[in-house]
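A.B. asks: Return atomic coordinates for the entry below.
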Amino acid sequence: MNAPQYKHLHIVIQCPRAMSSELKLNCIVLGDDPNRAFEIKIAPTESVSTLQRVIKEYKTHGFDGVDAKALTLWKVKIDWNDLHLLDTIGDQGVELKPLTELSEVFTDRLECGCIHVVVQHIPAVDRRLAYLKKGAGTPSAGATPSAFSTKQDEQEYLCNRPRRAADPVPVTLLEPIFAKFVDDCQNHQPTVRDNDFVQQLSQSMSSFHPDELTRMCVFQQVLRDYVGSTNFTTDGHLLSTNGKFVQVILEVKNEIGSGTTEPFAEAMLYYRKFMEDSKIEIAKLRSVIPCIHIIVFGACIGFAGSVFTEKVQSDVLVPIIPLFWHSTDLRMQVMAARTFGALKIAIEKLTNMYSRPIPSLEPKDPRLGCPYPRSYTNSTGRIQEFSYDETQILRHKLIFFGETVSDVAGSKICIKFVRHYSPEAHEFCASKGHAPKLIAYNPLPGGWNMVIMDVIDIDKDYFSQRPGSYRLLSEIAVLDRQPLKEAITSLIRELHDYNGGYVHGDLRDTNFVVRNNKHFMLLDFDWAGPIQKTHYPMLVNRIDIRRPDGAWDGEKIVPEHDLEMLDYLFHPEQHGREPAPLCYRRVAHGYVIDS
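C.D. replies: Next up, the predicted model:
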């Protein structure tokens, strides 16, 4: 054997790779708002089962009543801007086994800007059941301001008190009976019976009563005669014909400020209490279990609607109505008559709904938090059914994604719910090839409109771009935007001249997307409308966004404002302001999340 040569390297020793003392895992619950993604710091020597417990503790109010072992964890590597891929975790992710050590799973460097762990929630039925099992407690105790405010630290009830304890999808988009009730409160033509009822109710409620029970009994008797139902409980609540559901909850305070509980909160607790008694059956139903709340305090009355998705959600439906009007105030009397006429119609609909069998939830069903429409009518009058995707990362913007069903090949669609929209402006830009195809525009009850359009592919990768995909104009340097200036300006001027003239009103760089630095699309026609007839909405953002001097709440949107906004896009330096920072912008499924 030859001796090793001097000054030569003979042996290389590879040391084990040093493990970081802490893993920083970006996590998201499947189906959650992307703004609720969270970071978990955990030692790599811990097991997956420990990670399950840590996640449950971190998301205490979301997983309250849920066994940590019931949470399925998936290892993924999904860019923040590709969260739509969460729907494919079964194909692209690796399911983590409870006894596996994390160091065996996360062997590579964790990339920033990516989701590392997806938490697959337990089925909807189990989530609903876990919520009801926690129990509401005694309504009279739980509805005191101090007790209720403490409970709301965990957003136990989605009732807009405090403001953060809210769901982005209102009950008028979750239950059509509530939406139609809101419409009927404005449009119902009062009958003789409606008018007689409100006069009798005004007479009874304007009087002073010795106690809460007396006022409740008087109101209940008048309402029972008007509605014509015998299914009222001794507490004044109206049950379904089969007695399994509560259709109306009546909460009465003798006078404004009397009693120790908040009446709207107490009604919600009673609603939850009713469901707890048959929680196993309730949790399995493919229904949001709608219930109307009538709140009486002295001679004033309010109405709210509650639903049960995975928590109790309650929204006020109409303004408070005083019942002690002056005899000459016909407008207030008609408003009351319309409202109670609408109530009577809504109760009849609830009675009919609860008298029919309610199907059970199936694994394939979309989340109960998706809006109730499951079909749209296109421009030819054809009704097309659709389904919602499981993951809805723009739900907080009332933008959803789904797929058509019952046709030859399912097509991906974007479903947007808005209060105001200009289908004319959208269709004009689409006809020029500069907006996604508008498939349908359907008015809905409750003041809503449903917009169905094509989904466009937006890629936010800084280094490469998928073929055929678009990039936000806001991600393109001002100098590189210049070749688009003439084409974009020309489109907007044509829009101003089209069919009497239309304005867009919100020509920010986040509302333009560009492909191959040549072809562009214009998005978001919520503010658009006819010239001289279109006004800025409430709460126009002038702090983070450079806008023309006349762009204020309620003011007319004029063509000059559109052109001035374009000038800001292409020549921001002339106005002493650079484009808005990009750190809070997120993109998904062809739509922009702009804080």
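
A.B. asks: helix or strand right after the biggest helix by length in the chain?
C.D. replies: The longest helix of the chain (DSSP state H) is helix 330-355. Following helix 330-355 in sequence order, the next helix or strand is strand 375-377 (DSSP states H and E).

A.B. asks: now the longest helix of the chain, how far from the centre of its chain.
C.D. replies: 27 Å (Cα atoms, centre = their mean, to the nearest Å).

A.B. asks: now do stretch 545-559
C.D. replies: The chain centroid and the centroid of stretch 545-559 are separated by 28 Å, computed with Cα atoms, centre = their mean.

A.B. asks: For K77, grab phi and psi.
C.D. replies: phi -140, psi 90 (degrees, to the nearest 10).

A.B. asks: er, V312 I mean
C.D. replies: The phi/psi pair for V312 (degrees, to the nearest 10) is phi -80, psi 130.

A.B. asks: Got the confidence number for it?
C.D. replies: Turning to V312, the model gives it a pLDDT of 98.

A.B. asks: Please look at it and K273 and confirm they touch.
C.D. replies: No. Using Cβ atoms under 8 Å, V312 is not in contact with K273; the gap is 10.4 Å. C-beta: built from backbone N, CA, C; applies to glycine.

A.B. asks: Would you mind telling me which of these two has the busier surroundings?
C.D. replies: V312 (22 against 18; other Cβ atoms under 10 Å).

A.B. asks: The more buried one pairs with what?
C.D. replies: Residues in a beta bridge with V312, per DSSP bridges, are Y157, F308.

A.B. asks: now the one 10 residues further on
C.D. replies: When bridges are called by DSSP bridges, P322 pairs up with C300.

A.B. asks: my read: it touches M332, true?
C.D. replies: Yes. At 7.2 Å, P322 and M332 qualify as touching, with contact defined as Cβ under 8 Å.

A.B. asks: Pull the number of nearby residues for G433.
C.D. replies: The burial count for G433: 11, using other Cβ under 10 Å.

A.B. asks: State the distance from it to M453.
C.D. replies: 14 Å (Cβ to Cβ, to the nearest Å).

A.B. asks: Same check on S103?
C.D. replies: 46 Å.

A.B. asks: okay, those two: which has more neighbours?
C.D. replies: Neighbour tally, S103 and M453, criterion other Cβ under 10 Å: the higher count belongs to M453, 22 against 15.

A.B. asks: Could you pull up phi and psi at that one?
C.D. replies: Per-residue torsions, M453: phi -140, psi 170 (degrees, to the nearest 10).

A.B. asks: What is the burial count for the residue lying closest to L361 once chain neighbours are set aside?
C.D. replies: Excluding its sequence neighbours, the residue lying closest to L361 (Cβ to Cβ, 6 or more residues apart in numbering) is R286, at 4.8 Å. For R286, the count of nearby residues is 13 (other Cβ under 10 Å).

A.B. asks: just H519 next, same as before
C.D. replies: 13.

A.B. asks: Skipping its backbone neighbours, what lies nearest it in space?
C.D. replies: G433 (7.6 Å).

A.B. asks: Relative to V514, how far out is that neighbour?
C.D. replies: 13 Å.

A.B. asks: same deal with F197?
C.D. replies: 60 Å.

A.B. asks: cool, and E266?
C.D. replies: Remark: distance between E266 and V514 (Cβ to Cβ) = 54 Å.
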